[in-house]
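# Next one to model:
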Amino acid sequence: METRKYLAAYGYMALWIFLSAFVIMLNKYILDPKLGGFPFPLTLTAAHMLFCAVVSWLLVKVKLIDAPAMPSEVYFRCVLPIGALFAVVLWTGNAAYLYLSVSFVQMMKAMMPLLVYTVGTAFGTEKWCVRTGINLAVVVAGVAIASYGEVVFVLVGAAFQAVSMLSEATRLTLVQLLLQGRGIKLNPITTLYHVAPVCLMFLVLPFAWLEAERLMSQEWKVGPGLLLLSAAAAFALNCSIFLLIGKTSALTLNIAGVAKDVMLIYLSMTLYGSVVTELQVSLTQPEAVLITTSS
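So this is what the prediction gives:
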């Protein structure tokens, strides 16, 4: 039974790693002015959430999925904050790709396990361990050195990514509390059914303020087919995230993310010609080993 449980967990991780890498590389292509020529991160994010909201609503309405009633107390204390944080995560995370390379963003994401561990400790989903804390602090030092060695460092992009990571750490912890600690049986689809419309609601105002006018007045090279593929991939990715967190934990997801980050660094170098210095390469692999062995 234990072996089957571990194999299932590794299967969830592998699915999430593949989908996450695919969505990141596709979104980078779409958003990059030199590639896809669609520099509208809010629009792309809102399109993803609209797709997720519509598909999950249809699945529930045609009775393929049963959506349990959501108590108002849980909705206001968990679902609304998760939706708001999700909007911030997606917007700022996509905006960072306008300024930074995929490889450098993944290097910054090596800090995610520390952020999730710290937030989880504050919310009671993780227990503080001095050894783990020290190990994760070493990772932060490595990220700082990698940032120093970055050839094309843009402060605005780094700030966007920092806000995205902190919001993501808090969101994942709240998702874990919602899925595991509230006594409500939610699956990935029903979680999206409740969260996606809230996230879309929080994206509408900044979209209207920052991007709507430019979107209507500018020509863009990306066709609707590619945008639809991105939205469908984002839907699958969100399902895999909720599945992985529900079966394991938010910290497990971010530890698995280190392997994904290393893979994306090399994919970015191969596909998009991202420049990675020898100093950054030397820091990338030890961080992965350190985080994995500290869990």
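
# on contacts alone, who are the packing partners of the lengthiest helix in the chain?
Ranked by residue count and defined by DSSP state H, the top helix of the chain is helix 2-31. Judged by 3 or more C-beta pairs under 8 Å, 6 or more residues apart in numbering; DSSP states H and E, the packing partners of helix 2-31 are helix 41-61, helix 102-108, helix 224-247, helix 250-272. Backbone N, C-alpha and C define where each C-beta goes, glycine included.

# quick one: which of those has the weakest pLDDT on average?
Within the helices and strands packed on helix 2-31, the stretch with the lowest mean pLDDT is helix 250-272, showing a mean of 63.

# Check which residues of the longest helix of the chain are buried.
12-13, 15-17, 19-31 (16 or more other C-beta atoms under 10 Å).

# Over to stretch 43-59?
Quick answer for stretch 43-59 (16+ other C-beta under 10 Å): 43-53, 55-57, 59.

# how about the helices in the stretch 101-250 of the chain?
Taking DSSP state H, counting those that start in this stretch as the test, the helices found in the stretch 101-250 of the chain are 102-108, 112-123, 130-148, 155-181, 188-210, 212-217, 224-247, 250-272.

# Please save the CA atoms from stretch 122-130 in CSV.
Taking Å, rounded to 0.1, in the frame of the first residue of the first chain, the C-alpha atoms of stretch 122-130 are listed here in CSV:
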residue,chain,number,x,y,z
ALA,A,122,3.3,30.5,10.3
PHE,A,123,-0.1,28.8,9.2
GLY,A,124,0.7,25.5,11.0
THR,A,125,0.9,23.3,7.9
GLU,A,126,4.7,22.7,8.5
LYS,A,127,6.7,22.2,11.7
TRP,A,128,9.8,24.3,12.2
CYS,A,129,13.1,22.4,12.0
VAL,A,130,16.4,24.3,12.4
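
# Okay, buried residues for it please.
Thr125, Glu126.

# The closest residue to Leu227 other than its chain neighbours and Thr118: what is the separation?
Using C-beta to C-beta, 6 or more residues apart in numbering and skipping the chain neighbours, the partner closest in space to Leu227 is Ala47 (6.1 Å). Distance of Ala47 to Thr118, given as C-beta to C-beta, to the nearest Å: 32 Å.
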